[in-house]
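Student: here are the coordinates; sequence isn't available:
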């Protein structure tokens, strides 16, 4: 800053003079009408974390019912409604939206853009999600859906689910999926068109690359789901027979279409989490990612192979055995990219200088828990073993290890890592540690016993089980563990709320990051960047630091800002 | 992370060995499935242990230390290729082993000597030489409905909830549904198979000893899904014959009496 001149001269040409900024409307109206990707991203993240809380409550209620055999706490209809709501809330209202919110907020910052390419479409995407969520929970005042997590026709047809709760499920899920597609289009257009000069595809930050892969995948799978939902809506309301059993329809068609979506969504959540972890681990190990190319390629392979393995959920359906082997082949091949990502993450840590702060702690938890889930999922990919284990609580356990690992541990790792960028404040480290260890204990105590209960033959989605099955102890322990996990999750949510006001000021770059978002202010101004550094590699900020080190400049942080070019 | 090791340590403890074993198999296909399960469990436990130990070692060995700047190492392509090759070998091996055991579990093995000798009994009268079982499986139609299973035996008799079969006899179930999708699942007799409306699916088993094998439906089918259970009672061939004959007579009697009452105008 140059000091102001001592005397003020009359300007040589007329200037626009205002008395400060124009009068702003109330904050919530500003937020609700905003097309800024940061506002939309914050709304996605805030909404999804709110629904994480709701999903946890629903899971706890179900675990309460299942704590003892033949429990009469809830009527079966009530339990089935909880089940339906939990299934939709966890996947459609929490896990995917959290990832989309992180994409929406961070991708433009990571690629040095001032906005997204289609900001109004991005805004519409969020409000379709909000409308879908409102419709689903609005159904609580009449009849909520009760046809299971994945409502298979003919059960979800009019004849067997006559209440309009099922229509609400379809309508809200359809709206949300269409919103997902719009968000994906916005992200892809942004990534395609608004990258900073010099930021070639191969130089994209890993998280932005994960966003690219996830958006392509989501644009495909969410469209498939919207198609299936439309067909079922036609069946239910316009006398269609797409999925009807007797009238010549194909109930299995829904299984194919919906499993394409659910398998892809599973992969999407894991890929997004791995993308975030692959940013966190190098930053907090002070080492570059071991091999960027291998990780980038692996994320693509996971998306393709994992989605192509959708029929591994249908081994017990009347399907040609060749299709089952095809699905198994895809699932087994997916071992290669998963293993490669894991290998590269661990190789990045080896020889590094690990700063065990909250983001890294949660990232490590995410790696460990997702690995347990994905590896145990291998049994479910083997056709004959899957005949025995699928649809038992064994599958519940491995799915929750993988998805709670990825979406909750991984999502929280991303939250702890980028919260300083979003708010300018760091989240409390002490509460983070308590939350982490509580969650780690809770997840293992709450889900490991379900592996064993599943081996004893306890099937999923039942509102009760019988005393003679011999799974009473496992279920009681799982219920206790679920409460521990819930407390841990709640602690991080509380931490986030408290830290928004009272966290320690973070500055531009609290972690020594290498990508462009750490070049912006925290929180970034509406236009993100005044100037951008020259991008000559995948880690522009590291390049700046190296250049400064070569010149022997004394202060790294201060000098980094005085280096901008064009 | 320590908790990553929770799973393998629990699995490895000898006291927990019975906890990780599935229900004892009582049919050749269930035995094949159990064998493959043990193989998969070994692979899963080995991999989880490996990942857990490596993660733990990395976390413990490479904490930040004042004054030391880590070497900025990047991996080479050949390291990645070698890692991929190792993983590919693992993937292919698991695929091949799974296909082998799945094919074995799928193959309907012929009925044994103790089993029902449906057609061989006829030949036995012509030649006094005792013939081996001809292995022709016993076909039973299992129809699922909300929230009950109905079994139709070859002689026209039927039963609900409990399926009675002769031991040591290959039984092929034709699974159909009259309303929504249901799942047939008797763990001791191998695997679960869905009855999808408008489609025919099949399951098979050969019960090796007498007894009652409990099962439960495994595909969500509506409000009373939890109560939708089934049982398979394996009995000697003679008892089986007696059961189906008796069942047929009882059904006929009941139907006759209803018809009689209707004819006499006693029941509207």
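Tutor: The structure has been received and is ready for your questions. Bear in mind the structure is a predicted one, so any value in this text is a computation, not a measurement.

Student: for the longest helix seen in chain A, packing partners?
Tutor: With DSSP state H setting the assignment, residue counts place helix A:251-285 as the longest helix in chain A. Where contact means 3 or more CB pairs under 8 Å, 6 or more residues apart in numbering or on different chains; DSSP states H and E, helix A:251-285 is packed against helix A:96-110, helix A:206-237, helix A:292-308, helix A:335-349, helix A:358-381, helix A:393-403, helix A:411-423. The way it works is simple: take the backbone N, C-alpha and C, and place the C-beta from them, glycine included.

Student: mind showing which ranges of the chain have poor pLDDT?
Tutor: Chain wasn't specified; assuming chain A. Flagging of chain A using pLDDT under 70 yields the residue ranges A:1-23, A:553-566.

Student: Correction: the question concerned chain B.
Tutor: Segments of chain B classed as low confidence (criterion: pLDDT under 70) are B:1-17, B:117-135, B:266-268.

Student: By proximity to chain A, which residue of it wins?
Tutor: Among residues of chain B, the one nearest chain A by CB to the nearest CB turns out to be residue B:197. It sits 2.6 Å away.

Student: what's the burial count for that residue?
Tutor: When neighbours are defined as other CB atoms under 10 Å in any protein chain shown, residue B:197 has 23 of them.

Student: quick one: the longest helix out of those in chain B to helix A:393-403, angle?
Tutor: Taking DSSP H as the criterion, chain B has its longest helix at helix B:28-61. Here helix B:28-61 points in a direction 30 degrees away from that of helix A:393-403 (axes from the mean of the first three to the mean of the last three CA atoms, to 10 degrees).

Student: if you look at helix B:28-61, does any of it touch chain A?
Tutor: Yes: figure legend: helix B:28-61 in contact with chain A (CB under 8 Å from any CB of the partner chain); contacting residues B:30, B:32-34, B:36-37, B:40-41, B:43-44, B:47-48, B:51-52, B:54-55, B:58-59, B:61.

Student: Can you say which of those are buried?
Tutor: By the neighbour-count criterion of 16 or more other CB atoms under 10 Å in any protein chain shown, the residues of helix B:28-61 next to chain A include these buried positions: B:30, B:32-34, B:36-37, B:40-41, B:43-44, B:47-48, B:51-52, B:54-55, B:58-59.

Student: quick one, strands of chain B?
Tutor: Read by DSSP state E, chain B holds these strands, from start to end of the chain: B:138-145, B:148-152, B:158-160, B:162-166, B:171-177, B:182-185, B:192-195, B:201-205, B:211-216, B:229-235.

Student: Give me the residues contacting the shortest one.
Tutor: Where contact means CB atoms under 8 Å, 6 or more residues apart in numbering or on different chains, the residues beyond strand B:158-160 that reach it are B:148, B:149, B:150, B:151, B:152, B:153, B:247, B:251.

Student: ok, back up a step: Serialize the strands of chain B to a markdown table and add fields for mean neighbour count and distance to residue A:549.
Tutor: Below are these laid out as a markdown table (neighbours: other CB atoms under 10 Å in any protein chain shown; distance: least, CB to CB, whole Å):
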| stretch | mean neighbour count | distance to residue A:549 |
| --- | --- | --- |
| strand B:138-145 | 19 | 71 |
| strand B:148-152 | 18 | 74 |
| strand B:158-160 | 15 | 80 |
| strand B:162-166 | 22 | 77 |
| strand B:171-177 | 21 | 70 |
| strand B:182-185 | 28 | 64 |
| strand B:192-195 | 28 | 62 |
| strand B:201-205 | 21 | 67 |
| strand B:211-216 | 18 | 66 |
| strand B:229-235 | 20 | 71 |
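
Student: Adding distance to residue B:23, write those out as a markdown table.
Tutor: Compiled in a markdown table, the strands of chain B are given as follows (distance: least, CB to CB, whole Å):
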| stretch | distance to residue B:23 |
| --- | --- |
| strand B:138-145 | 20 |
| strand B:148-152 | 19 |
| strand B:158-160 | 23 |
| strand B:162-166 | 17 |
| strand B:171-177 | 18 |
| strand B:182-185 | 11 |
| strand B:192-195 | 13 |
| strand B:201-205 | 13 |
| strand B:211-216 | 9 |
| strand B:229-235 | 13 |
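
Student: Would you tell me which of those strands gets closest to residue A:401?
Tutor: Taking CB to CB as the measure, the strands of chain B were each checked against residue A:401, and strand B:192-195 came out nearest at 21.9 Å.

Student: Can you list the strands that that closest one pairs with?
Tutor: The sheet places strand B:192-195 alongside strand B:182-185 (antiparallel), with pairing taken from DSSP bridges.

Student: and the residue of chain B closest to chain A, what does it touch?
Tutor: The contact partners of residue B:197, taken as CB under 8 Å, 6+ apart, are A:154, A:245, A:246, A:251, B:176, B:177, B:178, B:179, B:180, B:181.
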